[in-house]
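>>> based on what follows, work out the 3D shape:
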Amino acid sequence: MKFNLTLLFLLCLPFLSNAQGIDIPVTSKTKLNFSGMLQSQFNYSLDDDIDIKGLHHSGDEQVSHNSFSVKRARLQLNATISDRINAVILVNFGDFTGNPQNKVLENAFIKYSINDYVNFQFGQFRPQFGQEDNYPVDFVQSIDYSNQYYLFGGNSWQSFQIGASFSGKIKDIAVPIEYAIGIFNGNNRNTVDNDDGKIFPARLVFGLNKETHLGLSGGAGKNMGQKIWAYGIDLDYKKQLNEKWGIKFTSEYKQGINSQEFFNQTSPVIPVSRYAMRGIYVLPNVSYSFKNTRLKDLEFAFRYEYLDADFKQSGNARQTYIPMLSASFAEAYAIRVQLGLMMDRYQRNIPNTTEYNTNRVICQVQARF
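Residues are numbered from 1 along each chain as shown. The predicted structure follows:
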């Protein structure tokens, strides 16, 4: 009963403020900030034999072709303990709609910042291993993160991992540099480590000019005695053309060992080095801003992605096309409505699996507070 009342209190706190987040002084040195984000979706499958999860059905069974869902319901607590130390906890209650095992808790870390050059982070958080690790999902220009992000996340290079990192930036030089290196369990989030193997991801970002950034990522490690590695390169360009028009272009390529696929085999006889994954995506985005209206911005984005989870063997390459229109009714995507068409095309269709050509309409409504 006590736990339920505490949880209810935490959930209600963000709604007590009209601003984004609510600051609560705890002591003379500690300050708490609560914030949250809600994403709700409507999915509609345009194919009679494909359900809303993208699963193909060859029989006559009854399946759902359209449905409402809560994709994310996040609550974040940021505790500023001193001018150098802060702690963050982020939970996603939307995970309760499916299997919440090893989910729900996303961020849970302590950060110690000495200056711009020296920062340490301990706990569960996202390693810096690609462009998509630089921003939360509520700022993604497409419907969601790329398929590449989730595949490499399942192999412990991205998404939420448990470990420690060192990061910083050098700004007062001709080409500013951001850097990060970490050590992680390599077992994904909310999971007890089951071996002594660790992964070591590292990343460099070069500010080529005010509009263009080049990122290089690489890492190596061991998983259950198997040597694994991954690397990537990404390019980000952003420019405000005038008061109304802006453009942004993001592209990324990554390749690595798919150890998740290797360990899925009952008795693997092929070495882990033969289980290789690679992918590339491009995402142009055009925005138009309004003044003195409730509608703040209109954006059009088109993401193209190629991904092969096992290209050295019998891989089944997946191509994804997502044209999307987005409307923002408050600053910084605080209120946002997105409408997109997700089209998946596989190298070969495999009946009664998710590896099948699909066409789905997705409407997503987002609120940040």
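>>> how about the nearest residue to the spatially most central residue of the chain, chain neighbours excluded?
The geometric centre of the chain, computed from its C-alpha atoms, lies nearest to Tyr145 (CA atoms, centre = their mean), at 4.9 Å. Ranked by CB to CB, 6 or more residues apart in numbering and with sequence neighbours excluded, the top spatial neighbour of Tyr145 is Glu132, at 5.3 Å. C-betas here are computed from N, CA, C, even on glycine.
>>> per-residue confidence at that neighbour?
The predicted local confidence for Glu132 comes out at a pLDDT of 93.
>>> about what we covered before: ok, the residue nearest to the centre of the chain to Glu243 distance?
30 Å (CB to CB, to the nearest Å).
>>> number of nearby residues for the residue nearest to Ile228 when sequence neighbours are not counted?
Spatial nearest neighbour of Ile228, excluding adjacent residues (CB to CB, 6+ apart): Ile257 at 4.3 Å. A count of neighbours around Ile257, defined by other CB atoms under 10 Å, yields 23.
>>> partners of Ile257 in the sheet?
The residues paired with Ile257 through beta bridges, assigned by DSSP bridges, are Ala276.
>>> and the pLDDT at the residue of the chain most remote from its centre?
For the chain, the C-alpha lying farthest from the average C-alpha position belongs to Asp60; by CA atoms, centre = their mean, that distance is 35.9 Å. Here, the pLDDT recorded for Asp60 equals 85.
>>> where does it land in three-state SS?
Applying DSSP: H, G, I helix; E, B strand; the rest coil to Asp60 yields a three-state assignment of coil.
>>> quick check: Phe369 touching Phe34?
No. No contact is recorded between Phe369 and Phe34 when judged using CB atoms under 8 Å, the distance being 9.3 Å.
>>> am I right that the residue nearest to Tyr145 sits in a helix?
Yes. Residue state for Glu132 (three-state DSSP) corresponds to a helix.
>>> can you pull the contacts of it?
Going by CB atoms under 8 Å, 6 or more residues apart in numbering, Glu132 touches 140, 145-146, 149, 158, 252.
>>> what do you get if the cut-off is 10 Å, keeping everything else the same?
With contacts defined as CB atoms under 10 Å, 6 or more residues apart in numbering, the neighbours of Glu132 are 126, 140, 145-146, 148-150, 152-153, 158-159, 234, 250, 252, 281, 283.
>>> what segments of the stretch 201-350 of the chain are strands?
Counting by DSSP state E, counting those that start in this stretch, the segments of the stretch 201-350 of the chain that form strands are 212-223, 226-240, 245-257, 276-289, 297-308, 318-328, 335-346.
>>> shaky segments in the protein?
Judged against pLDDT under 70, the low-scoring parts of the chain cover residues 1-28.
>>> ok, and what's touching stretch 260-279?
146-149, 151-152, 154-156, 188, 223-230, 232, 252-259, 305-313, 315, 317-318, 320.
>>> how about stretch 53-61?
Contacts of stretch 53-61 with the rest of the structure, by CB under 10 Å, 6+ apart, involve 43, 45, 47-51, 63-64, 67, 342, 344, 349-360.
>>> just the ones in strands from these, please.
Judged by DSSP state E, the subset of these located in strands is 43, 45, 67, 342, 344, 358-360.
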